[in-house]
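>>> Structural data only, the sequence is not supplied:
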């Protein structure tokens, strides 16, 4: 899974990226210090794998991963080449979702590119640049489809939809706010429009406001806006994330507890991205390896098997499945689980559930 981190300069974007990936991207108090997109790969925290690892004394544990792309701070006019320009927008066309870092803290020592703290104005600036960049793509696609329509009248439906999207974007609204049919949705996804990608707004607050129950007026405004387009919001403090990134797990837990913070920013982002993209994880476990595999909710057993190897999907016979909690109740003993009837034999139509521990039988 790939997530692109965007935001205006000096909103805490690169500081957050550094913290969650420990990649050491430069973070400076001036615009455009991020020239090329920094890429960091992080493991998705999953306590279930630790338990299974100890239970089976596994030789290897493989967590699922997320790639974070830190994009240079965008400014008004980026789609037309202002600042570092449109080339940086191209870096995030292939990501699954966008993490939009929004400044929700006051600090006279950190300059704001527009000279004032106004998260809704910041969001509007970034969204408009994404919309304008999308409109350029749509214009080219409309011209091409119009030309091809002369020889293929079946393209009329596609052309009508392209114009419908262009008109919507022309009104200043992001494509993700459109109401589309399932068929239209699939087509729009294929266009890789930036303004159609799911968004997580990361409201970056000060250290004083990072507690679990703390919420300032800036954050409330971001939540209200996010609700209008079905986006998620996580509240983080990039400065604290930078501090805890240097600690081990035990120290991190104590530090967060002292601050009244229930979970780290990375944990929040992972949960929000899984929720937004409707993702779940199934598990495979044994002495050689325990591993988490990420799939879309509703994926059927053969499709899940295909995540491991295409041969598993092609020659799928059945899946032996047990819920993680039930396996733990049996102490990881599969013989006991079988005696209790907890291991199920599932066929091709079974929809895999989060936490299913699976063993696939196949024949190629």
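Happy to help now that I have it. As the structure is a computational prediction, the values presented were derived from the model and not from experiment.

>>> for this structure, what spans make up the strands?
2-6, 38-43, 61-62, 65-70, 97-103, 199-204, 232-236, 279-284, 290-296, 316-323, 344-346, 356-362 (DSSP state E).

>>> and of these, who's closest to residue 152?
Nearest to residue 152 among these is strand 290-296 (32.5 Å), distances taken as C-beta to C-beta. Backbone N, C-alpha and C define where each C-beta goes, glycine included.

>>> Pick out the residue nearest the middle of this protein.
residue 273 (3.8 Å; C-alpha atoms, centre = their mean).

>>> Check whether it really touches residue 66, as I assumed.
Yes. If you go by C-beta atoms under 8 Å, residue 273 and residue 66 touch, sitting 7.0 Å apart.

>>> what do these two both touch?
1, 3 (C-beta atoms under 8 Å, 6 or more residues apart in numbering).

>>> List the buried residues of stretch 176-193.
176, 178, 180, 188, 191, 193 (16 or more other C-beta atoms under 10 Å).

>>> next one: stretch 43-60
Buried positions in stretch 43-60, judged by neighbour count with 16+ other C-beta under 10 Å: 44, 46, 48-49, 51-53, 56, 58.

>>> Could you work out the most separated pair of these?
44 and 56 (19.9 Å).

>>> Specify the residue ranges that define each domain of this protein.
Using automatic domain parsing, the domain ranges for the chain come out as 2-276, 298-362.

>>> re earlier: mind checking pLDDT for the residue nearest to the centre of the chain?
If you check residue 273, the pLDDT there is 91.

>>> what is residue 3 paired to in the beta sheet?
residue 68, residue 97 (DSSP bridges).

>>> oh, I was asking about residue 202
residue 101, residue 234.

>>> And for residue 61?
residue 290.

>>> That one - how many residues pack around it?
18 (other C-beta atoms under 10 Å).

>>> With residue 16 instead?
Residue 16, neighbours per other C-beta under 10 Å, totals 29.

>>> sorry, back to before: out of the domains of the chain, which is closest to residue 288?
Per C-beta to C-beta, nearest to residue 288 of the domains of the chain: domain 2-276, 5.7 Å.

>>> distance between the ends of the closest one?
One end of domain 2-276 sits 13 Å from the other (C-alpha to C-alpha, to the nearest Å).

>>> ok, now stretch 232-244?
Calculated as C-alpha to C-alpha, the first-to-last residue distance of stretch 232-244 is 24 Å.

>>> got any ranges where the stretch 151-300 of the chain has weak pLDDT?
Along the stretch 151-300 of the chain, the model assigns pLDDT under 70 to residues 212-214.

>>> Pull the contacting residues for residue 236.
16, 202-205, 210, 265, 268-269.
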